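[1] Task: produce atomic coordinates for the following.
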Amino acid sequence: MKNVSISACQFRVERINSFNDFKEQVNKLMKDVPKDTDYVIFPELFTIGLLTTFPDSEKFDVTEMTRLDDFTQDYKDFFCKLATDRSQVIIAGSHLERRGNDYFNIAYIFQPDGTYVEHKKTHIFPAEADWWTKEGSELQVYEIGPAKIGIAICYEAEIPEVSHILSEKGAEIIFCPSYTFTEHGFWRVRHCAQSRAIENQVYFVHCPTVGEPGSPINKGYGRASILSPCDTAWPPNGVVAEAETNKNMVITGVVDIEELYKNRENGAATTFKDRKRRKKMYSKYAPYNFY
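    The predicted model follows:
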């Protein structure tokens with residue numbers, strides 16, 4: 001048995017006056033995160049409420065999302081210190097950041113030693129093109145904390161190849177910071193998250209931004225969850241823990257990493273290996289005959 005504890009912080013965006021207000025929002029949620037949690041995750045672009053600190057923010061158009069970059073260094077400094085102070089691995093959602101002349105939606109994993117690694121979203125949602133976001137080109141698995149982990153930011157969960165590659169590279173848990181504007185969008189990501197957990201036999205953690213802060217920020221709809229494959233080792237519906245819809249709250253669940261490997265060998269459905277077993281047959285058909 002190799003138990004790993006995960007806390008997902010479903011973050012409700014509010015109108016705020018300063019970066020200190022944002023820090024207070026984060027610290028309020030962190031009070032509900034157990035001290036022995038191995039991984040803490042926040043949602044995609046949950047820093048977006050910082051736009052309301054600008055006095056003319058209600059007049060912003062969608063392209064001015066890029067002004068979030070003004071807070072990049074404060075964001076990094078804050079989460080570096082938080083991960084160090086709490087001796088926890090914190091996947092601090094994602095943040096819109098400028099690199100050269102381009103902007104990227106970047107998820108950061110902050111470590112207790114004060115260092116961090118990053119993942120640039122590789123498949124941007126069509127609406128993200130409105131604020132000039134570019135796509136990353138790397139998929140990595142990190143041995144940080146007690147498990148091998150990968151990141152799939154929101155829409156990346158809807159692209160099966162992303163999680164397939166991460167699981168083939170060894171990911172045991174895939175963390176998914178998310179921000180969906182509608183209930184329809186939420187269910188797209190949630191249903192895909194459950195599919196990715198089943199077809200790759202991994203744990204999948206879906207953590208959405210929620211709230212209705214008003215113009216210029218889109219409302220967020222969601223319900224955080226910690227998901228497993230659907231087999232006898234786990235709850236029948238594959239839901240290890242689940243939040244209430246659109247509420248500012250933390251959920252915590254414990255998952256057994258060794259159970260994944262047992263399930264890949266002896267589970268009712270051994271999808272991780274079976275989906276590769278007929279590669280020769282797949283190669284007769286598009287798109288696999290082009291790879």
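
[2] need the contact list for the residue nearest to Ile16 when sequence neighbours are not counted.
    Nearest residue to Ile16 in three dimensions, chain neighbours excluded: Gly49, at 5.4 Å (Cβ to Cβ, 6 or more residues apart in numbering). C-beta coordinates here come from the backbone N, C-alpha and C atoms, glycine included. Going by Cβ atoms under 8 Å, 6 or more residues apart in numbering, Gly49 touches Val13, Glu14, Arg15, Ile16, Phe22, Gln25, Gly211, Pro213, Ile217.

[3] Tabulate those in a markdown table, adding columns for secondary structure, distance to Arg190 and neighbour count.
    A markdown table is the format used below for these (DSSP: H, G, I helix; E, B strand; the rest coil; distance: Cβ to Cβ, whole Å; neighbours: other Cβ atoms under 10 Å):
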| residue | secondary structure | distance to Arg190 | neighbour count |
| --- | --- | --- | --- |
| Val13 | coil | 19 | 28 |
| Glu14 | coil | 24 | 15 |
| Arg15 | coil | 27 | 15 |
| Ile16 | coil | 28 | 18 |
| Phe22 | helix | 26 | 22 |
| Gln25 | helix | 24 | 19 |
| Gly211 | strand | 18 | 23 |
| Pro213 | coil | 22 | 19 |
| Ile217 | coil | 22 | 21 |
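
[4] from those residues, which is closest to Lys81?
    Distance to Lys81 across the contacts of Gly49 (Cβ to Cβ) is lowest for Phe22, with 14.0 Å.

[5] what residues are up against Val117?
    Neighbouring residues of Val117 by Cβ under 8 Å, 6+ apart: Tyr108, Ile109, Gln111, Gln140, Tyr142, Ile144.

[6] Now flag whichever of the residues you listed is closest to Asn248.
    Looking at these and their distance to Asn248, the nearest is Tyr108, at 21.3 Å (Cβ to Cβ).
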